[in-house]
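*Asks:* sequence plus predicted model, see below.
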Amino acid sequence: MCLHKPTTASEIAFMDYVRVAITSARLNAPSLAPYVLYMHSEGEAFDPVDDNTTGWLKAMGVHVYNWRLSFLDQMPPRKRWMERSTGICKMDIPLAAHRLQTELAARGLDVERVVMTDVDVLFAGDFTFALWPQARSLPTFAAGIEFFSKSLNSGVVYFNVTTFMQERAGMLTYAVARGFNFLVADQSWLQEWFDPVARKRKHLMHRKLGWLRLDETVFNARPFVHPWPGHPRRASPLRWKEPHIWHWHGYKPADVVCWLRAIAEGTWPLRAWHELPGCDPNGANRHTCGYQPIKDSGCRFFGRIQHSRCYLRTYTYLLMQHRRFLRLAASTSLVGRNAPHR
């Protein structure tokens with residue numbers, strides 16, 4: 001993953017996600033070797049010694065590399081705010097993996113395939129990618145989709161380093177031509193470049209390459225749709241499996257705390273508990289249903305997210321796990337403070 005050097009109060013608070021992601025990965029995903037690109041803004045000096053963030057990461061066995069966005073000079077000045085506020089830094093991860101091939105090989109790691117994640121993930125199992133891609137090569141990457149559309153979601157991406165690097169120059173040329181005007185930085189950039197339909201919409205002439213579908217119910221699970229019976233518009237819906245990687249996509253732990261507080265204080269709206277008679281939340285009239293969880297509760301509300309009936313139970317469970325891993329991370333930081341860096 002890539003991580004911006006935290007300088008503001010909100011960025012420092014965001015480190016809780018990093019601690020949970022790393023701690024849960026070390027415990028539950030033993031086949032993965034964690035690497036972090038520690039992003040520094042333009043003109044910001046690299047730290048000569050470990051700070052509180054990098055010290056903890058290295059004590060956890062994470063390999064940390066000081067990094068600056070490689071294509072920042074190609075971005076128009078009005079778009080350079082994206083360097084810190086979006087996930088565009090993830091587009092440098094394949095480049096970093098390419099440069100680190102000698103080290104990866106020396107450690108006995110796969111130099112061709114890299115798993116890239118957002119920081120707000122929680123590992124509940126190992127990255128045991130399905131067997132079916134072994135029968136055919138991974139063209140560039142595999143990723144899941146949004147649950148409310150067929151658009152790519154870049155919360156978890158499985159990269160083929162070599163083929164992705166072959167596309168990199170063309171991708172940058174395309175991004176410069178677009179003025180880096182992407183709806184969701186890295187996510188929309190990947191979607192437009194590799195998706196034939198998106199390319200047609202943008203009148204982009206490019207050979208068909210594409211990307212493979214990652215089972216998001218396992219490797220990019222969102223709690224608001226757990227358990228997920230399958231996409232209503234897909235002919236062969238995916239069967240629900242136990243998630244290996246959860247993603248706090250949309251609602252965050254603080255939102256769940258707000259829900260629980262509203263329930264305890266009696267301000268949770270009645271229609272958030274059950275559907276009204278005659279309402280089908282999965283039918284054509286779902287947008288006019290009275291069943292609208294969270295709305296008018298005083299907590300943040302995202303209208304595009306459609307919740308399963310088990311969402312409160314799942315979110316509460318994940319909040320418990322989030323806090324559990326934070327406690328483990330805190331104890332590790334104390335134990336590992338004087339431990340040798342690996």
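*Replies:* Structure received.

*Asks:* tell me which helix or strand comes right after the worst-scoring helix or strand of the chain on mean pLDDT.
*Replies:* Using mean pLDDT, DSSP states H and E, the weakest-scoring helix or strand in the chain turns out to be helix 196-201, at a mean of 58. Using DSSP states H and E, the helix or strand that follows helix 196-201 in sequence is strand 212-213.

*Asks:* can you give me how far that following strand is from the chain middle?
*Replies:* Between the centre of strand 212-213 and the centre of its chain there are 16 Å (C-alpha atoms, centre = their mean, to the nearest Å).

*Asks:* mind listing what Ala329 touches?
*Replies:* Ala329 sits next to 19-20, 22-23, 56 when contact means C-beta atoms under 8 Å, 6 or more residues apart in numbering. No exception for glycine: its C-beta is placed from N, CA and C like everyone else's.

*Asks:* rerun at 6 Å
*Replies:* 19, 23 (C-beta atoms under 6 Å, 6 or more residues apart in numbering).

*Asks:* any idea of the mean pLDDT in the helix or strand harbouring it?
*Replies:* Taking DSSP H and E as the criterion, Ala329 maps to helix 311-335. What helix 311-335 shows for mean pLDDT is 88.

*Asks:* now do the SS call for the residue nearest the centre of the chain.
*Replies:* Among the residues of the chain, Gly155 comes closest to the average C-alpha position under C-alpha atoms, centre = their mean, at 2.4 Å. Following DSSP: H, G, I helix; E, B strand; the rest coil, the label given to Gly155 is strand.

*Asks:* can you show me the helices along the stretch 201-342 of the chain?
*Replies:* Using DSSP state H, counting those that start in this stretch, the helices of the stretch 201-342 of the chain run over 216-219, 253-265, 311-335.

*Asks:* got a list of contacts for the second one?
*Replies:* Right, the one you point to is helix 253-265. 268, 297-300, 315, 319, 322.

*Asks:* apply 8 Å and report the result again.
*Replies:* Here helix 253-265 has contacts from 16, 268, 294, 297-300, 312, 315-316, 318-319, 322-323, using C-beta under 8 Å, 6+ apart.

*Asks:* okay, strands next: where are they in the stretch 151-300 of the chain?
*Replies:* Here the stretch 151-300 of the chain has its strands, by DSSP state E, counting those that start in this stretch, at 152-160, 212-213, 245-247.

*Asks:* show me what the second one is packed against.
*Replies:* When contacts are defined as 3 or more C-beta pairs under 8 Å, 6 or more residues apart in numbering; DSSP states H and E, strand 212-213 packs onto strand 141-145.

*Asks:* what sits against Leu27?
*Replies:* Contact analysis of Leu27 by C-beta under 8 Å, 6+ apart lists 123, 328.

*Asks:* gap between the nearest residue to Lys241 once chain neighbours are set aside and Leu212?
*Replies:* In space, and not counting its chain neighbours, Lys241 is closest to Val218: 5.0 Å by C-beta to C-beta, 6 or more residues apart in numbering. In this view, Val218 and Leu212 are 14 Å apart by C-beta to C-beta, to the nearest Å.

*Asks:* cool, Ser31 as well?
*Replies:* 20 Å.

*Asks:* more neighbours, these two?
*Replies:* Using other C-beta atoms under 10 Å as the criterion, Ser31 and Leu212 rank with Leu212 on top: 17 against 10.

*Asks:* what score does the more buried one have for pLDDT?
*Replies:* pLDDT recorded at Leu212 is 84.

*Asks:* pick the most deeply packed of the helices of the stretch 201-342 of the chain.
*Replies:* helix 216-219 (a mean of 25; mean count of other C-beta atoms under 10 Å).

*Asks:* show me how far that helix is from its chain's centre.
*Replies:* Worked out by C-alpha atoms, centre = their mean, helix 216-219 lies 12 Å from the chain centre.

*Asks:* what mean pLDDT does that helix have?
*Replies:* Mean pLDDT, helix 216-219: 88.

*Asks:* packing partners of it?
*Replies:* strand 141-145, strand 152-160.

*Asks:* per-stretch mean pLDDT over those, give me the minimum one.
*Replies:* strand 141-145 (a mean of 89).
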